[in-house]
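Asks: Quick one, fold the following:
(chains A and B)
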Protein chains: 2
Amino acid sequence: MAVFLSTVDPGFEQDFATLLGAKREDSPDVDSTVAGIIDDVRSRGDAALVELTNRFDRVSIGPDDLRVSEAEIETEIAKVPEEQRAALELAAERIRAYHARQVPPDADWTDDTGARLGWRWTAVEAAGLYVPGGLASYPSSVLMNAVPAKVAGVERLAVTVPMPDGQANPLVLLACRIAGVDEIYRVGGAQAIAALAYGTETIAAVDKITGPGNAFVAAAKRRVFGRVGIDMIAGPSEICVISDGSCDPDWIAIDLLSQAEHDESAQSVLVTTDAAHGQAVAEAVEARLRTLSRRDIAGASWRDFGAVVVVRDLDEAVAISDRIAPEHLEIFTEDADELVERIRHAGAIFIGQWTVEAIGDYVGGPNHVLPTARSARFSSGLSVLDFMKRTTLARMTPGALREIGPAAVALAEAEGLEAHGLSVSARLDRLNEG
Amino acid sequence: MAVFLSTVDPGFEQDFATLLGAKREDSPDVDSTVAGIIDDVRSRGDAALVELTNRFDRVSIGPDDLRVSEAEIETEIAKVPEEQRAALELAAERIRAYHARQVPPDADWTDDTGARLGWRWTAVEAAGLYVPGGLASYPSSVLMNAVPAKVAGVERLAVTVPMPDGQANPLVLLACRIAGVDEIYRVGGAQAIAALAYGTETIAAVDKITGPGNAFVAAAKRRVFGRVGIDMIAGPSEICVISDGSCDPDWIAIDLLSQAEHDESAQSVLVTTDAAHGQAVAEAVEARLRTLSRRDIAGASWRDFGAVVVVRDLDEAVAISDRIAPEHLEIFTEDADELVERIRHAGAIFIGQWTVEAIGDYVGGPNHVLPTARSARFSSGLSVLDFMKRTTLARMTPGALREIGPAAVALAEAEGLEAHGLSVSARLDRLNEG
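Replies: The predicted model follows:
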């Protein structure tokens, strides 16, 4: 059973600090293994990729099999039941509509010196999306990564997805098809990241790599960062629910368990102004845990990292939630909209009891790749901006240079950078001659 | 003397690949030293900070001296000549005006299901800015980091700047004052980064750390990433100039040298359609090198990493520049505006011969913290967005949930996440009862 804290308890600060500081993830030290794999793929290309894939995924493929053929994709996606296909299409459409609004505007203006200033956004040319194999191979994650990339204007989007024992996931392939993925490769692990970053004979290098993965994938992404861009390294997922007691305790219990069932390291926290309600939710969690199919995982997460925090009032609830800076925040209070205004640190907020977090995982429209482990204090969920970059633009006129150039010369001299100063003063001299 | 390449040469591709792939930076392996320093500051706080500062900076301070007092700041900034003060103020004002336009809009709309969707941007609460000591202590960099943070709405902005032998840099302190920095600490190196990330008795922890530094600082930033946000790890600076021969060769020579004088690892490249012009620029560089005060540094950079690339036409110039993906790109051609449209990868573009890059280093308005080492393919210069984060918002109505909820249930079931499905279907059941 999770911890039950109250802000009026004398030991609260210490207990809450323990909860916040709990180390929820073991990071096995796989860095030297990963370094070896990356070097191998860099130097031997496809040959290394094929060997590693055959060994780790228990298959026997050749270089020509690395790319999943159109025929195979067609065969696999034909297996998807119509209801699931329709659900994926609805999800893709809603995610596309939401993310289309994120495309940032360019800027171009003339200031009072006559200088033209601005910036321009352009898409990353080629992106790679890592999709895990096995149980964690989620078609929804394919959409959440691939759709923003395509909305941004990425021309070439390559997916790598391991197929252990040769098993493809039809829904993942269908999600790739719906999202407009251009190339699919049956490789996984650090070797897939190495191939995307450095390129092989079959897989051309990309500029940016996103997508979740295990410890090997995470270590490989850290290693290739700089050569290519990467997204955040996601930690175990989290939910915080703020409730004033007006929502059915059973609904909150299921919501808490929907994070807990992801991972034994997931964290679910209820913050409530009503101690009896908190108790009722905790009881409902226990009741639901008796029948849930993933009760071992969800139960361990709830036991080790779950919490009910009873607060004096909603002001305190906001403060506690901001200290947690949760990945997902559900606000189930009478005046939820007003409370949202006061929250500062959260990856995504779900407002009102009809806005269950799982809607956001699939069909809400916003992205489900969100900052974990309190990083919502300084970072954002995945968006179209992750697949674009900004170039700043400046155009001086002779008049503008005359007006602001002397200050640049003064600062260059103060910083001891003579050529910087000369580059401006040579032009100013010409203007003064003319 | 730099290499002189031409795209018509049979060996061009290989030579250009060598130029692109040149390893310009030695990264000394300081990681274990840095890990020790961080652990020490984490566990002993101010005591460690004071010891390390006294040792590395050859001073003898106590914990009470860590923070630079208002009186000391006043005394130091009184030493700044009026011309430099006015130049800094002009720079700050122009940087502020440019960055104010970057504050991103929030979004809030209702879609055709009745669901309310949107997002909201909020500022990082506390940021730390690392400022190097000694020769690389640039007041302009203080403005380029601190002004965007303050425009974003960061409440608490702490600067760490080492003062070796007790020497303060009056211009750096004045830049902090003008930019609205809230706290200044006389510490540097990995110990400063550790203090900003984990906090000590005197220095409260921040959420995000930006600013340039040496190998120790860079390694420390990599280590604390995740605990706090960091900016990019900047490499040696770069300039690419595209010229059709219409600009004075001597101006281009000085512009190339203004990057080269930063660092022996800097890179300066001229891409031109006119071989004789390329030759004239190379000669002008040699002539300027004879008298330049930083000729040893600039000369080494030009000799080892400089290049003149002669191209057949401007289309080829654009392609070559995009492969370099330069930090700074000057375009000095007859129809520069048209050429700008075709460039895809560059940190900042300076358009036309009056727009010298050094203007952008100081007073242009755009940021001078820009992506190096070809990372303009996937990343952007520093901006207001680096000090803000986005929270996505969703609010379902019963009608919206009825319309899109079943698709979420179908996908949750397909992914084997029972509680996800239950969390939606429990609400749908209630709606269907009602």
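Asks: going forward, measure contacts between C-alpha atoms and count neighbours the same way
Replies: OK.
Asks: what's the pLDDT at the residue at minimal distance from the centre of chain A?
Replies: Centroid check for chain A by CA atoms, centre = their mean gives A:V369 as the closest residue, at 3.3 Å. A:V369 carries a pLDDT value of 96.
Asks: Equivalent analysis for A:E25, please.
Replies: With respect to pLDDT, A:E25 has a value of 76.
Asks: quick revisit: could you double-check that the residue nearest to the centre of chain A sits in contact with A:A376?
Replies: No - the criterion here is CA atoms under 8 Å, and A:V369 misses it with A:A376 at 11.8 Å.
Asks: Near A:S27, how many other residues are there?
Replies: Neighbourhood size, A:S27 [other CA atoms under 10 Å in any protein chain shown]: 11.
Asks: Next one: the closest residue to it other than its chain neighbours from A:L196, what distance?
Replies: Spatial nearest neighbour of A:S27, chain neighbours left out: A:A215 (6.9 Å); criterion: CA to CA, 6 or more residues apart in numbering or on different chains. Separation of A:A215 from A:L196 (CA to CA, to the nearest Å): 17 Å.
Asks: Comparing these two, which shows the higher neighbour count?
Replies: A:L196 (27 against 19).
Asks: contacting residues around that one?
Replies: A:G128, A:I203, A:A204, A:A205, A:V206, A:I209 (CA atoms under 8 Å, 6 or more residues apart in numbering or on different chains).
Asks: Could you rerun that using 6 Å?
Replies: A:A205, A:V206 (CA atoms under 6 Å, 6 or more residues apart in numbering or on different chains).
Asks: For chain A, what lies in contact range of chain B?
Replies: A:87, A:124, A:229, A:254-255, A:258, A:346-351, A:354-355, A:358, A:362, A:378-380, A:389-396, A:407-408, A:419-420, A:423 (CA under 6 Å from any CA of the partner chain).
Asks: Just to be sure, which of the residues you listed are found in helices?
Replies: The helices, defined by DSSP state H, take in A:A87, A:I254, A:D255, A:S258, A:A358, A:Y362, A:A407, A:A408, A:A419, A:H420, A:S423 from the residues of chain A next to chain B.
Asks: what's stretch A:291-302 in contact with?
Replies: Here stretch A:291-302 has contacts from A:A2, A:A260, A:E261, A:D263, A:E264, A:S265, A:A266, A:L289, using CA under 6 Å, 6+ apart.
Asks: And the fifth one, how far from A:G62?
Replies: Which is A:E264. 37 Å.
Asks: Tell me which of the two has more neighbours.
Replies: Under the criterion of other CA under 10 Å, the comparison of A:E264 against A:G62 puts A:E264 first, with 22 against 14.
Asks: show me the residues around the more buried one that make contact.
Replies: For A:E264, counting by CA under 6 Å, 6+ apart, the contacting residues are A:I297, A:A300, A:S301.
Asks: Turn those residues into JSON lines, columns for pLDDT and secondary structure.
Replies: Below are the contacts of A:E264 laid out as JSON lines (pLDDT from 0 to 100; DSSP: H, G, I helix; E, B strand; the rest coil):
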{"residue": "A:I297", "pLDDT": "96", "secondary structure": "helix"}
{"residue": "A:A300", "pLDDT": "97", "secondary structure": "helix"}
{"residue": "A:S301", "pLDDT": "97", "secondary structure": "helix"}
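Asks: quick one, phi/psi of the residue nearest to the centre of chain A?
Replies: phi -90, psi 110 (degrees, to the nearest 10).
Asks: contacting residues for it?
Replies: A:V369 touches A:G381, A:L382, counting by CA under 6 Å, 6+ apart.
Asks: what residues does the helix or strand encompassing A:A284 touch?
Replies: Using DSSP states H and E, A:A284 sits within helix A:275-289. Helix A:275-289 is contacted from outside by A:G245, A:P249, A:D250, A:A253, A:R295, A:V310, using CA under 6 Å, 6+ apart.
Asks: With stretch A:50-61 instead?
Replies: Contacts of stretch A:50-61 (CA under 6 Å, 6+ apart): A:P164, A:D165.
Asks: mind listing what's buried in that stretch?
Replies: By 16 or more other CA atoms under 10 Å in any protein chain shown, the buried positions in stretch A:50-61 come out as A:V50, A:E51, A:L52, A:T53, A:N54, A:D57, A:V59.
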